[in-house]
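Chemist: model the structure of this input:
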Amino acid sequence: MAPTIKIGHNEKNNRGRYWTETTAGEAELVYSLSHGDKMVIDSTFVPVDARGGGVALALVKRAIEDARTYGRKVDPVCPYVDRIFDRYPEWGELRA
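Modeler: The predicted model follows:
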């Protein structure tokens, strides 16, 4: 079983960020809020030496979970997040 990835989150002035520490440095997902209920995911970043371990997916899943909790739609501007949306059809109703 893979270890649980601890994810931090902050949101202020219609911008937000999820992050986690990896052995190679900090990974993050950043977003902005549009019209109060749309989460525009701008980018994800995972250090090269930490890629392939599910870190980016964990950040996206946390953002999706929070979007669902707060009744937000998601606009996956980030190409990685856009591809992940296609793999999870159950997220379809959340796509802006």
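Chemist: for the rest of this, base every contact and every neighbour count on C-alpha atoms.
Modeler: Fine.
Chemist: now Y31: closest residue in space, sequence neighbours ignored.
Modeler: I41 (4.2 Å; Cα to Cα, 6 or more residues apart in numbering).
Chemist: hmm, who's touching the helix ranked longest in the chain?
Modeler: As assigned by DSSP state H, the longest helix anywhere in the chain is helix 55-69. Contact partners of helix 55-69, identified using Cα atoms under 8 Å, 6 or more residues apart in numbering, comprise 5, 7, 18-19, 27-29, 39, 44-46, 73-74, 81, 84, 91, 94.
Chemist: list the buried ones in that helix?
Modeler: For helix 55-69, the buried set under the neighbour-count rule, 16 or more other Cα atoms under 10 Å, comprises 55-56, 58-60, 62-64, 67.
Chemist: tell me which element I41 falls in.
Modeler: strand 38-45 (DSSP states H and E).
Chemist: can you show me the strands along the protein?
Modeler: Using DSSP state E, the strands of the chain run over residues 8-12, 15-22, 25-34, 38-45, 73-76.
Chemist: comparing the ones you listed, which comes out most buried?
Modeler: strand 73-76 (a mean of 22; mean count of other Cα atoms under 10 Å).
Chemist: that strand - contacts with which helices or strands?
Modeler: strand 38-45, helix 55-69 (3 or more Cα pairs under 8 Å, 6 or more residues apart in numbering; DSSP states H and E).
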